[in-house]
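All I have is the shape, not the residue letters:
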């Protein structure tokens, strides 16, 4: 991106760090450098270099000037000259040298510089990322080949960058000549001030018929990177701190960047107002809207920024007011430069960064949002969308898979050029899991439609709710791998049910079958109350007829059913396993049946409603007869009591 932080108006974001070992000279070039007029500085420094003047101070400033101009090839040239002088430099110089070396594909030497950067500044997020992603080129290779890229067809010899959809057309930023008799030049770029332009998009995604757009939005300073609402009636865009004929400056008399909002009235954009979190003393730029248009993303160096520029988000309320900007955090932002956000309908955040391991310069990265608003692992989208030069400002139409990206890669026409991209496969995230299920009646297996199904996280915070469709199905979409969730199901005439599920640690879909039972149970003569109401089997210990504590809990459920239905009479049927003699087991089962009957009578059931019979080992539920080897659990299944309805009046 030859003029990236100039033409994109982010140069004001960064204070350049110089080594205490490098002196300074009061020259015109130094003054140009300090006020970020890098084009003038480069010319002056290079003339000094050609005359043999190669002080470390001058080499550092020349290398940095190229670096921040996005010309990393020349930056690498002069960083090499600087490092050859064996001058002590700041850790940041190692980082910039590494990035510049990547632009000329000297990755081994770049890794060596990153190792020194890590040694000198190990707490830096970029250093940590470099140390934990030593195989970053292999990771990038895995994600490569996802796009086909070609020149979009509307580039000029000047900087063309950034894009946004508007009424089926593409709006982009350009420093091209507009035909003015007197062309005002920006000393930072050596080009004219940027304005917004519009282009037609043909069926293949190629661009044409360029014209200047929105004269009432363009000013005599820079405009760039607009984003439009879906109804095309509101626009957010970046402009120098200039509105209604008034220009604002920071404490150093520098005009920084702000985001403005305008609304469409007929064919004219009106009510150009700056957003309330703008400030004269820091830059706010490059807006992007979430798919539901309730969140605005942007880049800024406002207080609290981790690096040279960070990504932020802010809520947009229904009444048109805004929340407090939130830094996207260390998972996204580094001590480097993060900028140019773009958010898809799948809550994928694409952005440009030189802080995450990449191929050189700015690369495009992507991270998926979690349900709590945080982001998953950041991934480099790979070649050929990314190159060894600056690549940024990705825009994708999810329906056509066609989009646009800006780059200053070799073969372009101007400083920055817009390229058409075609996505041919989705990115492979480390682990993606989706949660779905089906709700049925526990007794009939009938599909239950329009049941309310709610998803809660492990802290029992409600994440989302939905209703089952005509097939009894629900789908919560993407969830976190290895996370525990609770699913609560509610339906009129049914008992509310809640189950837990733990998501796998590999990519796939977790399917959870949910069964719920009716609140009112239909019973008839011959039904076992325990089975009808899902009451556990009343077990007994070996050779004993005592009512165990767990048995008493289950018997209390039988008790409640009989109290709520006073006309029901039941026959208590007790059984044993096959161990011991048949006579012994018959007597044991008689005692168990009698003990169960006595417990119910003691707790309020009339004796006339109860009969009790012992069947010994005569009605086994499995293979475990005399002489058959069985486990204790298999024998336990036979030591049971049943509660069979014999009369309903």
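Nice, I can see it. Just so it is clear, the structure is predicted and the values come from calculations on it, not from any experiment.

What residue, apart from its backbone neighbours, is nearest the residue of the chain positioned farthest from its centre spatially?
Residue farthest from the centre of the chain, counting by CA atoms, centre = their mean, is residue 583 at 69.5 Å. Among residues not flanking residue 583 along the chain, residue 616 sits closest, at 8.0 Å (CB to CB, 6 or more residues apart in numbering). Yep, even glycine has a C-beta here, placed from its N, CA and C like the rest.

ok, how many other residues are close to that neighbour?
22 (other CB atoms under 10 Å).

Am I right that it sits in a strand?
No - under DSSP: H, G, I helix; E, B strand; the rest coil, residue 616 falls outside any strand and is assigned coil.

Phi and psi next, for it.
phi 60, psi -130 (degrees, to the nearest 10).

my read: it touches residue 582, true?
Yes - applying CB atoms under 8 Å as the test, residue 616 and residue 582 come out as touching, 6.0 Å apart.

where do the helices sit along this protein?
4-7, 28-34, 38-50, 56-69, 72-84, 91-103, 107-120, 125-132, 136-143, 529-532, 549-564, 582-602, 632-638 (DSSP state H).

which outside residues touch the last one?
By that I understand helix 632-638. When contacts are defined by CB atoms under 8 Å, 6 or more residues apart in numbering, helix 632-638 is touched by residues 537, 539, 575-579, 617, 620-624.

Could I get the average pLDDT for it?
For helix 632-638, mean pLDDT is 89.

List the buried residues of that helix.
By neighbour count with 16 or more other CB atoms under 10 Å, helix 632-638 contains the buried residues 634-638.

for these, which one is nearest residue 445?
When these are ranked by distance to residue 445 (CB to CB), residue 637 comes first, at 24.3 Å.

That closest one and residue 538, how far apart?
With the distance defined as CB to CB, to the nearest Å, residue 637 ends up 12 Å from residue 538.

Next up, the contacts around residue 619.
Shown in contact with residue 619 (CB under 8 Å, 6+ apart): residue 575.

Can you pull the phi and psi angles for it?
When quoted as degrees, to the nearest 10, the phi and psi of residue 619 stand at phi -130, psi 60.

Could you report the distance from it to residue 71?
Distance of residue 619 to residue 71, given as CB to CB: 90 Å.

neighbours around residue 278, how many?
21.

so it touches residue 284, yeah?
Yes - with contact defined as CB under 8 Å, residue 278 reaches residue 284; the gap is 5.2 Å.

Common neighbours of the two, please.
Common neighbours of residue 278 and residue 284, using CB under 8 Å, 6+ apart, are 258-259.

Check what pLDDT residue 526 gets.
pLDDT, residue 526: 91.

wait, isn't residue 477 in contact with residue 434?
Yes - in this structure residue 477 lies within contact range of residue 434 using CB under 8 Å: 6.1 Å.

List the contacts of the closest residue to residue 121 other than its chain neighbours.
Ranked by CB to CB, 6+ apart and with sequence neighbours excluded, the top spatial neighbour of residue 121 is residue 91, at 3.8 Å. Going by CB under 8 Å, 6+ apart, residue 91 touches 116-117, 120-121, 124.

Any chance of these in TSV with neighbour count and pLDDT as columns?
Formatted as TSV, these follow (neighbours: other CB atoms under 10 Å; pLDDT from 0 to 100):
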residue	neighbour count	pLDDT
116	17	84
117	24	82
120	16	77
121	17	74
124	21	74
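
Domain-wise, how is this structure divided?
For the chain, automatic domain parsing gives the domain ranges 4-136, 147-423, 433-516, 529-648.

How about the contacts made by the most centrally placed residue in the chain?
By CA atoms, centre = their mean, the chain has its centre lying nearest to residue 369, at 1.4 Å. For residue 369, the contacting residues are 347-349, 375-376, by CB under 8 Å, 6+ apart.

Any regions of the stretch 101-250 of the chain where pLDDT drops low?
The stretch 101-250 of the chain contains residues with pLDDT under 70 at 122, 127-134, 178-192.

At which residues are the strands of it located?
For the stretch 101-250 of the chain, the strands defined by DSSP state E, counting those that start in this stretch cover 147-151, 160-166, 169-174, 185-186, 191-192, 195-201, 207-212, 223-228, 234-240, 242-243, 246-247.

Would you mind giving me the confidence score for the residue nearest to residue 458 when sequence neighbours are not counted?
In space, and not counting its chain neighbours, residue 458 is closest to residue 484: 4.4 Å by CB to CB, 6+ apart. Residue 484 is assigned 91 on the pLDDT scale.

who are the neighbours in contact with residue 484?
457-458, 500-503.

now do 7 Å
For residue 484, the contacting residues are 458, 500, 502, by CB atoms under 7 Å, 6 or more residues apart in numbering.

The last one - how many residues pack around it?
Here the count is done by other CB under 10 Å, and residue 502 has 11 residues near it.

give the contact list for residue 49.
Taking CB under 7 Å, 6+ apart, one finds residue 62 in contact with residue 49.

With residue 345 as the reference, measure out to residue 373.
Distance from residue 373 to residue 345, counting by CB to CB: 16 Å.

quick revisit: now distance to residue 522 too, for the domains of the chain, in JSON lines please.
As requested, the domains of the chain are arranged in JSON lines below (distance: least, CB to CB, whole Å):
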{"stretch": "domain 4-136", "distance to residue 522": "62"}
{"stretch": "domain 147-423", "distance to residue 522": "40"}
{"stretch": "domain 433-516", "distance to residue 522": "9"}
{"stretch": "domain 529-648", "distance to residue 522": "9"}
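
Going by mean pLDDT, which of those comes out lowest?
domain 4-136 (a mean of 70).

Test my guess that residue 144 contacts residue 382.
Yes - between residue 144 and residue 382 there is a contact at 3.4 Å, judged by CB atoms under 7 Å.

Name the residue in those two with the higher neighbour count.
Just comparing residue 144 and residue 382: by other CB under 10 Å the higher neighbour count belongs to residue 382, 21 against 16.

Is it correct that the more buried one is in contact with residue 143?
Yes - if you go by CB under 7 Å, residue 382 and residue 143 touch, sitting 3.7 Å apart.

tell me which residues of stretch 139-156 are tucked away?
Within stretch 139-156, the residues that count as buried by 16+ other CB under 10 Å are 140, 143-144, 146-147, 149, 152, 154-156.

can you list the residues that contact that stretch?
Stretch 139-156 is contacted by residues 133, 174, 176, 199, 206-208, 210, 359, 379-385, 404, 412-414, 417-425, 427 when judged by CB under 7 Å, 6+ apart.

That one: end-to-end distance?
Using CA to CA, to the nearest Å, one end of stretch 139-156 lies 34 Å from the other.

what does stretch 305-312 give?
9 Å.

can you list the residues that contact that stretch?
For stretch 305-312, the external contacting residues (CB under 7 Å, 6+ apart) are 10, 13-14, 297-301, 325-328, 330, 332-339, 341, 351, 355.

and what of stretch 487-497?
For stretch 487-497, the surrounding residues in contact (CB under 7 Å, 6+ apart) are 439, 448, 451-456, 498-499, 501, 512, 514, 516-519.

quick one: which of the residues you listed sit in strands?
Per DSSP state E, strands hold the following members of the contacts of stretch 487-497: 439, 452-456, 498-499, 501, 512, 514, 516.

between those residues, which has the most around it?
residue 439 leads the ones in strands among the contacts of stretch 487-497 on contacts (other CB under 10 Å) with 28 neighbours.

For that residue, list each beta-bridge partner.
Counting by DSSP bridges, residue 439 forms beta bridges with residue 514.
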